[in-house]
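K.L.:
just need the structure, nothing else, for what follows:
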Amino acid sequence: MNKILIIEDNEKNLKLFSVIIKFLGYATLTAMNGKEGVSIAKENAPDLILMDIQMPVMDGITALNMLKSDEKTKNIPVIALTSYAMAGDKEKFLGLGFSDYISKPIDKDGFIKAIENILKEK
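P.N.:
Model (predicted):
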């Protein structure tokens, strides 16, 4: 069973994302900030990480850089979850090393499609 780590500081979003992912038949791991998420990723080697960009303690971009610089986690795909939805933002986040980009509030079908597309590639 694929494991998906959700790193999100908003509890309502975290719960919503977890429910959708569990409904799809995947196991979930959760973290409330980037620092905690990096630690959980190193310990559990998830198949995919969904990561908010704006978080306390450690933001998503800093956390992504830490994941990509570590041998244990550098090949784990990471999808950016963000309220940034301006023109050019998707390209910006992909250029930083994220595997995909999902804007919030999420479109449930697009959210599911993004997850399944990444897991198919693995």
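
K.L.:
going forward, measure contacts and count neighbours with C-alpha atoms only.
P.N.:
Fine.

K.L.:
residues in contact with the residue nearest in space to the middle of the chain?
P.N.:
By CA atoms, centre = their mean, the chain has its centre lying nearest to Leu50, at 1.2 Å. Contact analysis of Leu50 by CA atoms under 8 Å, 6 or more residues apart in numbering lists Ile4, Leu5, Ile6, Ile7, Val78, Ile79, Ala80, Leu81.

K.L.:
in strands only, show me these.
P.N.:
Using DSSP state E, the members of the contacts of Leu50 that fall within strands are Ile4, Leu5, Ile6, Ile7, Val78, Ile79, Ala80, Leu81.

K.L.:
quick one: the last one and Met51 touch, right?
P.N.:
Same thing as Leu81. Yes: taking contacts as CA atoms under 8 Å, Leu81 lies within contact range of Met51: 5.4 Å.

K.L.:
the two: which is more packed in?
P.N.:
Met51 (30 against 23; other CA atoms under 10 Å).

K.L.:
for the ones in strands among the contacts of Leu50, give me TSV that also has distance to Leu64 and pLDDT.
P.N.:
Formatted as TSV, the ones in strands among the contacts of Leu50 follow (distance: CA to CA, whole Å; pLDDT from 0 to 100):
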residue	distance to Leu64	pLDDT
Ile4	15	99
Leu5	13	99
Ile6	13	99
Ile7	11	98
Val78	8	98
Ile79	10	98
Ala80	9	96
Leu81	12	95
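
K.L.:
ok, the residues you listed vs Lys68, which is closest?
P.N.:
Nearest to Lys68 out of the ones in strands among the contacts of Leu50 is Val78 (CA to CA; 9.7 Å).

K.L.:
name the nearest residue to that closest one, ignoring sequence neighbours.
P.N.:
Leaving aside its sequence neighbours, Val78 sits nearest to Ile49 (CA to CA, 6 or more residues apart in numbering; 4.7 Å).
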